[in-house]
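# Just to be clear, the model below is a prediction. Sequence and coordinates:
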Amino acid sequence: MLRVIYTLLLIVFLTSANADSRLQKVLDNGELRVGTTGDWDPMSMKDPATNKYKGFDIDVMNELAKDMGVKVKFVPTDWKTIVSGITADRYDVSTSVTKTPKRAEVAGFTTTYYKYGTVPLVLKKNLKKFPTWDSLNNKNITIATTLGTSQEEKAKEFFPKSKLKSVEAPARDFQEVLAGRADGNITSSTEANKLVIKYPQLAIVPDGEKNPAFLAMMVPKNDKVWNDYVSNWIKTKKSSGFFKSLLAKYNLKSL
């Protein structure tokens, strides 16, 4: 029954598609090109031993390609260039990114399928020194961010008095904290919960989450047919329970 629904969804959108729509191009090429950073646990992680990707978003993209009847090709990118990869036609869609006004100026966003909060990370031994967000907002404090991420912009808002240190991928902000080159960093609550397990030296500042943010796929800004198709696919998958099962698989909070 679901296969029939996805086939009908394609037919409906193809009737309004033109030759310039990514929907038509993906079907003609038999391949869905997906830009992904491979450094965001548990959304998209690249295994350096095999060069293969795994994670929540990877499962989503494999499912989308399967329902479209095409192959999936994961295209490596980083946070600094993930937006330009869409505008330069290096891929048809990205794995999830945070919706921000700056990104929306040049790229389109599908409907959202996950929400998270933002939290600071510090060394566990420093928790008494940094018990709150405000304790990190100080001219003598260094906050690390990863170049091109939404957290890079948020850090300017949350810590206007602090020294901000931006690192470029494949380096990551939390690595600066681990190495003692920064006092803290901010990241999604989703990633933070994974990092404190992987690196027990790290701890989440116990002052609560801030700035709820929404994740979505990026697509070309003016391709309404392609955006509408993927967005409707997401809505259909939500109704079918697909996203609910993925949340359980990766031990993530409900939408």
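Everything's here; your move.

# looking at it, residue 60 is touching residue 246, isn't it?
Yes - if you go by CB atoms under 8 Å, residue 60 and residue 246 touch, sitting 7.1 Å apart. The way it works is simple: take the backbone N, C-alpha and C, and place the C-beta from them, glycine included.

# higher neighbour count, the two?
residue 60 (24 against 20; other CB atoms under 10 Å).

# quick one: average pLDDT of the helix or strand that one falls within?
According to DSSP states H and E, residue 60 maps onto helix 56-68. Average pLDDT, helix 56-68: 98.

# just checking, what packs against it?
Applying 3 or more CB pairs under 8 Å, 6 or more residues apart in numbering; DSSP states H and E, one finds that helix 56-68 contacts helix 2-14, strand 31-36, strand 44-47, strand 71-76, helix 224-240, helix 242-249.

# Could I get the buried residue list for that helix?
Neighbour counts over helix 56-68 (16 or more other CB atoms under 10 Å) mark 56-61, 63-65, 67-68 as buried.

# which of the residues you listed lies closest to residue 156?
Set against residue 156, the nearest of the buried residues of helix 56-68 by CB to CB is residue 57 (26.6 Å).

# How confident is the prediction for the nearest residue to the closest one once chain neighbours are set aside, by pLDDT?
Computed as CB to CB, 6 or more residues apart in numbering, the closest residue to residue 57 that is not its neighbour in sequence is residue 95, at 3.8 Å. In this prediction, residue 95 carries a pLDDT score of 97.

# Return the distance of residue 250 relative to residue 171.
As judged by CB to CB, to the nearest Å, residue 250 and residue 171 stand 25 Å apart.

# ok and the helix holding residue 60 relative to helix 224-240, angle-wise?
Using axes from the mean of the first three to the mean of the last three CA atoms, to 10 degrees, the direction of helix 56-68 lies 110 degrees away from that of helix 224-240.

# Okay, angle between helix 56-68 and strand 71-76 too, please.
With the same axes, to 10 degrees applied, the angle from helix 56-68 to strand 71-76 works out at 150 degrees.

# Can you dump the C-alpha atoms of helix 56-68 in CSV for me?
Only the C-alpha atoms of helix 56-68 are listed here, as CSV (Å, rounded to 0.1, in the frame of the first residue of the first chain):
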residue,chain,number,x,y,z
PHE,A,56,19.8,8.8,11.3
ASP,A,57,20.0,11.1,8.2
ILE,A,58,21.8,8.4,6.2
ASP,A,59,18.9,6.0,6.9
VAL,A,60,16.5,8.8,5.8
MET,A,61,18.3,9.4,2.5
ASN,A,62,18.6,5.7,1.7
GLU,A,63,14.8,5.4,2.3
LEU,A,64,14.1,8.4,0.1
ALA,A,65,16.2,7.0,-2.7
LYS,A,66,14.5,3.6,-2.4
ASP,A,67,11.0,5.1,-2.5
MET,A,68,12.0,7.1,-5.6
